[in-house]
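Engineer: Fold the following.
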Amino acid sequence: QLQASGGGSVQPGGSLKLSCATSEFTLGSYAIGWFRQAPGKEREAVSCISSSGGSTYYADSVKGRFTISRDNAKNTVYLQMNSLKPEDTAVYYCAAREGFMANMDQLYEYWGQGTQVTVSS
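Structural biologist: Modelled structure (predicted):
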C-alpha cells in the first residue's frame, strides 16, 4: 500500500533521499515512520513525522544526519540521509498510522515493501 523508493549503494559519507508515497489514500491524514532492518537485527525506528509535519522524531544514531519531511500536496514523505555510514546499511521501510506519531513499529497499520540502502567503500 505504501511505496518506498530511493535506496541504493553509496560510499561512506554519501547521501540518499528516500521517498514514501501511495496512490491509495491521503498521506496527510497519517503519521509516517521510517524504520530499518539490518541482517540479523531487529527492525528499529529511524525517524517519524506527525500528520501535520509539526513534530518529528529521530533515533539518536541518525540525529544531525537524517531529515524527515513531507509534502502533503504530493502525497509523499521523504527521508534525506546525509553522511551515511556503513552501519546505516539496511532495508528501509515506511509505515503509516492514524493518530499521533510513534516510534514503535507495532503501532503502524500500513507498510511499504522496503528499499535497500547499502553503504560500503
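
Engineer: quick one, strands of this structure?
Structural biologist: Using DSSP state E, the strands of the chain run over 3-5, 8-10, 16-21, 31-37, 44-49, 56-58, 66-71, 76-81, 90-97, 110-111, 115-119.

Engineer: quick one, which of those strands is nearest to residue 103?
Structural biologist: Taking C-beta to C-beta as the criterion, residue 103 comes closest to strand 44-49 out of the strands of the chain, the separation being 3.9 Å. From N, CA and C alone the C-beta is placed, and that goes for glycine too.

Engineer: Extract the C-alpha set from the closest one and format it as PDB.
Structural biologist: Written as PDB, here are the backbone C-alpha positions of strand 44-49 (Å, rounded to 0.1, in the frame of the first residue of the first chain):
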ATOM      1  CA  GLU A  44      14.200  -0.200  14.500                       C
ATOM      2  CA  ALA A  45      12.700   3.200  14.200                       C
ATOM      3  CA  VAL A  46      14.700   5.700  12.300                       C
ATOM      4  CA  SER A  47      12.500   8.800  12.100                       C
ATOM      5  CA  CYS A  48       8.900   9.700  12.400                       C
ATOM      6  CA  ILE A  49       6.800  12.700  11.500                       C
END
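
Engineer: Show me what that strand is packed against.
Structural biologist: Taking 3 or more C-beta pairs under 8 Å, 6 or more residues apart in numbering; DSSP states H and E as the contact definition, the neighbouring helices and strands of strand 44-49 are strand 31-37, strand 56-58, strand 66-71, strand 76-81.

Engineer: export those to JSON lines and tack on mean neighbour count, distance to residue 93 and mean pLDDT?
Structural biologist: As requested, the helices and strands packed on strand 44-49 are arranged in JSON lines below (neighbours: other C-beta atoms under 10 Å; distance: least, C-beta to C-beta, whole Å; pLDDT from 0 to 100):
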{"stretch": "strand 31-37", "mean neighbour count": "24", "distance to residue 93": "5", "mean pLDDT": "98"}
{"stretch": "strand 56-58", "mean neighbour count": "17", "distance to residue 93": "16", "mean pLDDT": "97"}
{"stretch": "strand 66-71", "mean neighbour count": "18", "distance to residue 93": "14", "mean pLDDT": "97"}
{"stretch": "strand 76-81", "mean neighbour count": "23", "distance to residue 93": "11", "mean pLDDT": "98"}
